[in-house]
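Asker: got a predicted structure plus its sequence, pasted below:
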Amino acid sequence: MGPATRPLLIVAFLAVSLGSFAAQTDKPQPTQEEIYISKAENFEHPVTLPRDVVEALIEYVSDGPYFGDYVKRLRMDPDRLFFATEAHLAKPNEVDFIVGGIAPLCAANGGFFWVVRSTPKKPKVILFAAGNYIEVLDTKTHGYRDIRTIWPGQWQTRDDVYHFNGNEYKLRKEKWVENNP
């Protein structure tokens, strides 16, 4: 199998996995919006992040052990740190953001994603996850859409599903799938 066929296999894997996951979920609540984002691609509908959302992201990232120095140096130019799209995770009239990291805020073989709930009072990072793909699912937990990340490696692919716990997203299901040669 050549590198050109791998993306097709990943898409097929996602379609089958999503179907089986949706069948196992108790009460799926369908929505009209589907977001599926790859680290290798820009978001289909990129947006410029509001300043308060950028500040929430910079504060969150700066507090972590990995990115603090980079963020401090690039703080004045957030377009060199993040790319983003809008999402409606709870209600159609509430705008949240899915944000991807730009080097150095990503790994060589994968990406980092943040989900920011934009509230009138203060935006809050409610998920930090690693992967090559992030997908907003149709199912909901505590009123927020579930989120899935996938990180294909050389030998295995990690498939994680996150559920909202009323305050933030937490890992609900972690699955490792062997990659067939």
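Answerer: That came through, no problem. Numbering: from 1, shown residues only.
Asker: low pLDDT regions in this structure?
Answerer: By pLDDT under 70, the low-scoring segments of the chain are 1-44, 64-79, 104, 107-108, 181.
Asker: now Thr157: closest residue in space that isn't a chain neighbour?
Answerer: Distances taken as Cβ to Cβ, 6 or more residues apart in numbering place Val177 nearest to Thr157, at 4.8 Å, with adjacent residues excluded. (C-beta placed from N, C-alpha, C; glycine too.)
Asker: would you put the C-alpha positions of the helix or strand the one you found falls within in PDB?
Answerer: Val177 belongs to strand 169-178 when assigned by DSSP states H and E. This file holds the C-alpha atoms of strand 169-178, laid out as PDB (Å, rounded to 0.1, in the frame of the first residue of the first chain):
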ATOM      1  CA  TYR A 169     -14.400  17.600  27.800                       C
ATOM      2  CA  LYS A 170     -12.900  14.400  29.200                       C
ATOM      3  CA  LEU A 171     -11.600  11.300  27.500                       C
ATOM      4  CA  ARG A 172     -14.500   8.800  27.500                       C
ATOM      5  CA  LYS A 173     -13.200   6.100  25.200                       C
ATOM      6  CA  GLU A 174      -9.600   5.300  24.000                       C
ATOM      7  CA  LYS A 175      -9.100   2.700  21.300                       C
ATOM      8  CA  TRP A 176      -5.900   1.500  19.700                       C
ATOM      9  CA  VAL A 177      -6.300  -0.200  16.300                       C
ATOM     10  CA  GLU A 178      -3.500  -2.100  14.600                       C
END
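Asker: what does it rub up against?
Answerer: Outside of strand 169-178, the residues within contact range by Cβ atoms under 8 Å, 6 or more residues apart in numbering are 13, 115, 126-127, 129, 141, 144, 146-147, 155-164.
Asker: of the residues you listed, buried ones?
Answerer: The neighbour-count test (16 or more other Cβ atoms under 10 Å) marks 13, 115, 126-127, 129, 141, 144, 146-147, 157-164 as buried among those.
Asker: quick one: which of those residues sit in strands?
Answerer: Under the assignment DSSP state E, the buried ones among the contacts of strand 169-178 contribute 115, 126-127, 129, 141, 144, 146-147, 157-164 to strands.
Asker: beta partners of the closest residue to Ile147 other than its chain neighbours?
Answerer: Distances taken as Cβ to Cβ, 6+ apart put Tyr162 closest to Ile147, at 4.6 Å, once the chain neighbours are dropped. Counting by DSSP bridges, Tyr162 forms beta bridges with Ile147, Leu171.
Asker: ok, Tyr162 touching Ile126?
Answerer: No - counting by Cβ atoms under 8 Å, Tyr162 does not reach Ile126; the two are 9.5 Å apart.
Asker: contacting residues around Ala130?
Answerer: Contacts of Ala130 were listed using Cβ under 8 Å, 6+ apart, and they are 107, 110-113, 149, 151.
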